[in-house]
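> sequence-free structure coming up:
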């Protein structure tokens, strides 16, 4: 079983990262405290992603991606 590289807590097998969620949050908070401009840019990006036109575009992109995966899967059979 994988373990967090910071605190050693066991991670689920499906976990893609090397840090647990708690350690990742602590690292983000530290980055934001040390670099307020990074925090501001992050917040602006999140707000931009919440705009209706961007949500619609993301939904279309996700649907196109899923369709492409399904096509690849059916071609492999």
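Great, that's in hand. Please read these numbers as outputs of a predicted model, since none were measured by experiment.

> In contact with residue 27, which residues?
Shown in contact with residue 27 (CB atoms under 8 Å, 6 or more residues apart in numbering): residue 19. Placement of C-beta: from N, CA and C, glycine included.

> mind checking how far it is from residue 36?
Using CB to CB, to the nearest Å, residue 27 is found at 16 Å from residue 36.

> And for residue 30?
Note on residue 30: its distance to residue 36, by CB to CB, is 12 Å.

> Can you read off the pLDDT for the residue nearest to residue 4 when sequence neighbours are not counted?
The shortest distance from residue 4 to any non-neighbouring residue, by CB to CB, 6 or more residues apart in numbering, is to residue 20 (4.1 Å). Model confidence at residue 20, expressed as pLDDT, equals 94.

> burial measure for residue 20, as a count.
21 (other CB atoms under 10 Å).

> does it really touch residue 7, like I thought?
Yes. Here residue 20 lies in contact with residue 7, judged by CB atoms under 8 Å, at a distance of 6.4 Å.

> burial count for residue 32?
Around residue 32 there are 15 residues (other CB under 10 Å).

> Packing partners of the helix or strand bottoming out on mean pLDDT in the chain?
Lowest on mean pLDDT, DSSP states H and E among the helices and strands of the chain sits helix 52-76, with a mean of 91. The contact analysis (3 or more CB pairs under 8 Å, 6 or more residues apart in numbering; DSSP states H and E) places helix 52-76 against helix 36-49.

> Near residue 69, how many other residues are there?
By other CB under 10 Å, 10 other residues sit near residue 69.

> pLDDT value on residue 15, please?
pLDDT, residue 15: 88.

> Tell me, how many residues neighbour the closest residue to it other than its chain neighbours?
Ranked by CB to CB, 6+ apart and with sequence neighbours excluded, the top spatial neighbour of residue 15 is residue 2, at 6.4 Å. Neighbour count of residue 2, defined by other CB under 10 Å: 15.

> cool, residue 35 as well?
Neighbours of residue 35 (other CB under 10 Å): 12.

> Please apply the same query to residue 73.
The tally of other residues near residue 73 (other CB under 10 Å) stands at 9.
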